[in-house]
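*Asks:* Below is the sequence, then the predicted model.
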Amino acid sequence: MKSTVIRAITADNSVRAFIANTTNMVEKARQTHQASPVAIAALGRTMTAASIMGLMLKSENHKLTVKINGSGELGPIVVVGNSHGNVKGYVGNPLVEGDYIKPGKLNVGKAVGVKGDITIIKDLGLKDPYIGTSPLVSGEIGEDLASYFVNSEQQPSAVALGVLIEKDYRIKAAGGFIIQVLPHIAEETLAKLEEKIISLEPITSLMDRGMKEEDILHYILGDMSPRILDKYEVDFVCDCSKDRFEKALISIGKKDLKEIIEEDEGAELVCHFCNKKHYFNKEELQSLLDEI
């Protein structure tokens, strides 16, 4: 089944919502990185958020990067997304072993670490990218992103992200939502929405009960008559290529490239995002050196 995101708005145009089912996307990433349960839980949550945030971008060629640098054993989380909602990502230590807060509830916050920050870099085709940073508040990623939206973008947002894992480590359910209030929302409406979101069970529990994105949308915002504006298919997609790695080799400079040729007579570069290997023989490296 394809991973999908729906975009919706309430009848009075006071709340917009993105609801995602990213089960297939996260399973693809798990297989690519052979990630442990807690590692894929953290990466999957971040990928879901980055996919939604990518769909918020205005133009075809816009991109964003989500970087989470905590103090935990997981290491950094890096996810890149585009305006189609497609993402690629990795964690520093995909094999990290985690523990549980309670049965069935992985301690993602401990693996990520509370001390650190979350940074969003938006490449909007301008001379310099937009960069926003916010301190981590829990390492659970959803709460950290909600804090980022308020602190860096002055956009009150409810963020829920989850990954439910089978006993054989396959992804049973993954998804999330970002719900944002718009400036003219009535105080009474806002209070009801906050009360509803606070009382919600985990989104993966709703998904495990068989609820689709549309069901979750109406479960949360049904009293506000939401209408679906778009439905997107999203995926875990890496756009690495040998040409890109050629540019990386050229960028290291003449001296270092010459050393590789003389000492190794070749180079094997591995993409962090998809683990694909790109091999350059001596003749190819010499050609790059000549180009420099």
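*Replies:* That came in fine, so what should we check first?

*Asks:* can you list contacts of stretch 281-292?
*Replies:* With Cβ atoms under 8 Å, 6 or more residues apart in numbering as the test, stretch 281-292 has contacts from 246, 249-250, 253-254, 257-258, 260-261, 265-267, 280. Using the backbone N, CA and C atoms, a C-beta is placed for each residue, glycine as well.

*Asks:* Could I get the residues you listed in TSV, plus columns for pLDDT?
*Replies:* Shown next, in TSV, are the contacts of stretch 281-292 (pLDDT from 0 to 100):
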residue	pLDDT
246	88
249	89
250	88
253	86
254	87
257	89
258	88
260	89
261	88
265	85
266	87
267	90
280	92
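
*Asks:* Weed out the non-buried ones from the residues you listed.
*Replies:* 246, 249, 257, 260-261, 267, 280 (16 or more other Cβ atoms under 10 Å).

*Asks:* thinking again about what came up before, now, which of the contacts of stretch 281-292 lie within helices?
*Replies:* Using DSSP state H, 246, 249-250, 254, 257-258, 260-261 are the members of the contacts of stretch 281-292 that sit in helices.

*Asks:* ok, back up a step: the buried ones among the contacts of stretch 281-292: which two are farthest apart?
*Replies:* Farthest-apart pair in the buried ones among the contacts of stretch 281-292 is 246 and 261; separation 14.2 Å (Cβ to Cβ).

*Asks:* all strands for the stretch 151-292 of the chain, in order.
*Replies:* 157-165, 171-181, 227-234, 266-270, 277-281 (DSSP state E, counting those that start in this stretch).

*Asks:* Tell me what the nearest residue to residue 77 once chain neighbours are set aside is bridged to.
*Replies:* Ranked by Cβ to Cβ, 6 or more residues apart in numbering and with sequence neighbours excluded, the top spatial neighbour of residue 77 is residue 68, at 4.2 Å. Beta-bridge pairing for residue 68 (DSSP bridges): residue 77, residue 118.
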